[in-house]
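1. pasting the sequence and the predicted coordinates here, then a few questions.
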Amino acid sequence: MNMEKYDVKELVEKIYELDVKVYEATGSTMGKVFPAGKDLSVKKMLKHLDEDKRHFIRDETILIGNMISTIKNPSVAEECKKELEELNKMLAQYNPTRQLPDSFVSNISEMKDRFKDGNHRILCIGRQYGSGGHEVGMRLSTRLNMSYYDNQIIKMACEHIGRDFSSVDASQADSKKGWLNKTPFSLRKFAGNDELFFAQSQMIEEMAKKGDCIFLGRCADVVLEHADIPHISVFIGAPFEERVKHDMACTGASYDDTVEKVRNMDRARKAYYNYYTGRHWGHSENYDMCLNTACYGIEGTVEVIEKMFNMFN
């Protein structure tokens, strides 16, 4: 049964009064949960309830519950606890005037059905240098039984345009703003790395249409988005010093040389991604998931991505 407006006001008044009662019973110097006067506190609670911010009120009642646990008189503590339980039951029954959405996504099932209707399973991995992105991609390829593409895409693109792969530094790009959203590929006069990017984008689309696969870098997430090909995108990173240590362990290079290498590679990847997509490399809003390999380790990162990826099957 839904509560009427006057019942709601009575509810929040009782919450305020219980707060005062608990404060007085504990003799705490921490103060009340609702420190303002009754009228102002009631008005604030009513506003939050009308805007479907009941979690705010629940958070505050949790604090009241914490205070109840410090009451030394057992009978008073039990009485306050029962009152709070009843108030929380009433609070749970309230239907707000304006309901806020439960999710940013209008239909979660649409996300979970991303790879249905014949769509291949595609995973795009962006990464900071030294974070273990290559190792993560290779292990996921085995675990998920998917093809894995890293520099192979560049090699195929070079063959397609008749360019010597050994002469290519594909991570370099100038500082111009991205044009992917602004200029159709068919109208673009390509030269140098622009021509290579166009060719590898075609390779990425072709591979994604042929079967399940994992792409490491190469702006594959944005390329596939513009091609309307469903995919999952993740970004892998780690603190700078941890990445330096990881790369030193892999290469045996000196600390100073590795520091310079990590900085240069990060700078190059950022410039490349930003230039060809118009987006900000590594910013969380561009990806389905961001992970810190220094927290999870390589194998732990693989397991987390695998679990998330399987949600969409």
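-> Arrived safely.

2. so residue 126 is in which element?
-> Using DSSP states H and E, residue 126 sits within strand 122-127.

3. same thing with residue 244?
-> With DSSP H and E as the test, residue 244 turns up in helix 240-251.

4. cool, and residue 66?
-> helix 54-68.

5. what comes up buried for that helix?
-> The neighbour-count check on helix 54-68 (16 or more other C-beta atoms under 10 Å) flags 54, 57, 60-61, 64-65, 67-68 as buried. For every residue, glycine as well, the C-beta is placed using N, CA and C.

6. closest to residue 273 among those?
-> Ranked by distance to residue 273 (C-beta to C-beta), the buried residues of helix 54-68 are led by residue 54 at 40.9 Å.

7. which stretches of the stretch 1-150 of the chain have low pLDDT?
-> Confidence mapping of the stretch 1-150 of the chain against pLDDT under 70 gives the ranges 1-6, 28-31, 51-55, 95-112.

8. where do the strands sit along it?
-> Using DSSP state E, counting those that start in this stretch, the strands found in the stretch 1-150 of the chain span residues 122-127, 147-149.

9. between the ones you listed, which gets nearest to residue 87?
-> Using C-beta to C-beta, the strands of the stretch 1-150 of the chain put strand 122-127 closest to residue 87, at 47.4 Å.

10. on that earlier part again, packing partners of the strand holding residue 126?
-> helix 133-144, strand 213-216, helix 220-226, strand 232-237 (3 or more C-beta pairs under 8 Å, 6 or more residues apart in numbering; DSSP states H and E).

11. give me the sheet partners of that strand and which way each runs.
-> strand 213-216 (parallel), strand 232-237 (parallel) (DSSP bridges).

12. CA atoms of the last one as CSV?
-> It stands for strand 232-237. Output in CSV follows, covering the C-alpha atoms of strand 232-237 (Å, rounded to 0.1, in the frame of the first residue of the first chain):
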residue,chain,number,x,y,z
ILE,A,232,33.7,-5.0,-26.0
SER,A,233,36.4,-2.5,-25.2
VAL,A,234,38.8,-2.5,-22.2
PHE,A,235,41.7,-0.3,-21.2
ILE,A,236,44.6,-1.8,-19.2
GLY,A,237,46.9,0.4,-17.2
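
13. pull out the buried positions in it.
-> 232-237.

14. follow-up on the earlier one: can you put the helices and strands packed on strand 122-127 in a markdown table and add distance to residue 154?
-> Shown next, in a markdown table, are the helices and strands packed on strand 122-127 (distance: least, C-beta to C-beta, whole Å):
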| stretch | distance to residue 154 |
| --- | --- |
| helix 133-144 | 14 |
| strand 213-216 | 11 |
| helix 220-226 | 12 |
| strand 232-237 | 20 |
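
15. circling back: from the strands of the stretch 1-150 of the chain, which stretch is densest packed?
-> Greatest average neighbour count among those goes to strand 122-127 (a mean of 25), per mean count of other C-beta atoms under 10 Å.

16. now it - C-alpha only, CSV.
-> Below are the C-alpha coordinates for strand 122-127, written out as CSV (Å, rounded to 0.1, in the frame of the first residue of the first chain):
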residue,chain,number,x,y,z
ILE,A,122,35.0,-9.0,-30.6
LEU,A,123,37.3,-7.7,-27.8
CYS,A,124,39.3,-4.5,-28.2
ILE,A,125,42.2,-3.8,-25.8
GLY,A,126,43.8,-0.4,-25.2
ARG,A,127,46.8,-0.3,-22.9
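
17. that strand: how far from the chain's middle?
-> 14 Å (C-alpha atoms, centre = their mean, to the nearest Å).

18. for it, which outside residues touch it?
-> When contacts are defined by C-beta atoms under 8 Å, 6 or more residues apart in numbering, strand 122-127 is touched by residues 115, 133-134, 136-137, 140, 144, 146, 208, 212-217, 220-221, 224, 229-237, 273, 281-282, 287, 305, 309.

19. got the phi/psi numbers for residue 217?
-> Main-chain torsions, residue 217, degrees, to the nearest 10: phi 70, psi -150.

20. got any ranges where the stretch 201-313 of the chain has weak pLDDT?
-> The low-confidence ranges in the stretch 201-313 of the chain, as defined by pLDDT under 70, are 313.

21. if we can go back for a sec, could you dump the strands of the stretch 1-150 of the chain into a markdown table with distance to residue 299 added?
-> Listed next are the strands of the stretch 1-150 of the chain as a markdown table, based on distance: least, C-beta to C-beta, whole Å:
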| stretch | distance to residue 299 |
| --- | --- |
| strand 122-127 | 16 |
| strand 147-149 | 17 |
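
22. and of the ones you listed, who's closest to residue 252?
-> strand 122-127 (21.2 Å).

23. quick check: angle from that closest one to helix 133-144?
-> If you take axes from the mean of the first three to the mean of the last three C-alpha atoms, to 10 degrees, strand 122-127 sits at 160 degrees to helix 133-144.
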